[in-house]
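Predicted model and sequence below, questions to follow.
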Amino acid sequence: MTQQEPEEDQNKEVEQGVTEVEDVETLKKILAEEKGKAEGYLANWQRAQADFINYKRRSEQEKEEIGKFANAILMLNLLPILDDLERAFTSIPPQLAKLSWVDGIKLIERKLWASLEAQGLSQIKALGEPFDPKLHEAAMHAKGKEGIVIEELQKGYQLHDRVIRPTMVIVGNGEEEERKED
């Protein structure tokens with residue numbers, strides 16, 4: 001064995017050690033890249049999961065809204081009938097007001113009202129209240145306290161928390177009503 005052979009063996013070992021160090025560095029880089037990809041995949045999966053949860057929540061809310069307001073059109077179509085019944089009761093002559101058939105019709109009206117209220121229909125309070133354009137529709141101004149509803153021309157209704165027909169009202173314009181002195 002010559003002196004070159006041990007040097008060659010040492011060179012091979014050094015080269016092999018350098019190659020192993022390069023392989024380790026390459027593996028560390030690859031590992032870091034794969035960890036980055038895995039973190040990206042995890043973040044995307046978490047985002048997709050959150051989006052799905054939000055979609056389910058919105059879908060449930062929409063179903064609930066549809067269920068609440070599915071009968072709104074039917075109720076809106078029944079409101080003129082209630083208006084007509086109310087007008088009919090106010091125009092009944094006193095001599096007919098005590099007849100049993102009038103009481104029967106009043107009972108029918110109360111049953112209809114109870115059924116509609118059970119579905120979430122409620123009357124909007126207007127008389128004596130401050131004018132609210134979300135609830136009231138001003139038909140005209142008249143003498144009376146400014147901004148206050150002084151007369152109700154047509155009743156308004158809400159279904160749950162949504163106005164399906166605003167109350168048609170007369171609003172005070174701030175002028176004092178003339179008082180009659182006896």
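Perfect, I can see it now.

Now do the SS call for the residue most central in space within the chain.
With distances taken as C-alpha atoms, centre = their mean, the residue of the chain nearest its centroid is Glu65 (7.3 Å). On the three-state scheme (DSSP: H, G, I helix; E, B strand; the rest coil), Glu65 is labelled helix.

Check what pLDDT it gets.
As predicted, Glu65 sits at a pLDDT of 85.

And for Gln119?
We note a pLDDT of 89 for Gln119 in this prediction.

and what of Ile92?
pLDDT, the model's per-residue confidence, is 89 for Ile92.

For it, give me its contacts.
Counting by C-beta atoms under 8 Å, 6 or more residues apart in numbering, Ile92 makes contact with Val102. C-beta: built from backbone N, CA, C; applies to glycine.

what do you get if the cut-off is 10 Å, keeping everything else the same?
Taking C-beta atoms under 10 Å, 6 or more residues apart in numbering as the definition of contact, the neighbours of Ile92 are Lys98, Leu99, Val102, Ile105, Lys106.

out of these, what pair is the most spread apart?
When C-beta to C-beta is used, the two most widely separated members of those are Lys98 and Ile105, lying 13.0 Å apart.

between these two, which one's more packed in?
Taking other C-beta atoms under 10 Å, Lys98 and Ile105 do not tie; Ile105 has more neighbours (15 against 9).

My read is that that one contacts Phe89, right?
Yes. If you go by C-beta atoms under 10 Å, Ile105 and Phe89 touch, sitting 8.0 Å apart.

ok, which stretches of the protein are strands?
Secondary structure of the chain (DSSP state E): strands located at 121-123, 136-142, 149-154, 157-159, 162-165, 167-172.

In its sheet, which strands sit next to the fourth one, and in what direction?
Same thing as strand 157-159. According to DSSP bridges, strand 157-159 has the following sheet partners: strand 121-123 (antiparallel), strand 162-165 (antiparallel).

Can you lay out these as a markdown table showing mean neighbour count and distance to Gly36?
Supplementary listing: these in a markdown table, determined by neighbours: other C-beta atoms under 10 Å; distance: least, C-beta to C-beta, whole Å:
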| stretch | mean neighbour count | distance to Gly36 |
| --- | --- | --- |
| strand 121-123 | 16 | 59 |
| strand 162-165 | 16 | 50 |
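
hang on, the earlier thing: quick one: which of the contacts of Ile92 is nearest Glu39?
Comparing the contacts of Ile92 against Glu39 with C-beta to C-beta picks out Lys106 as the nearest, at 72.5 Å.
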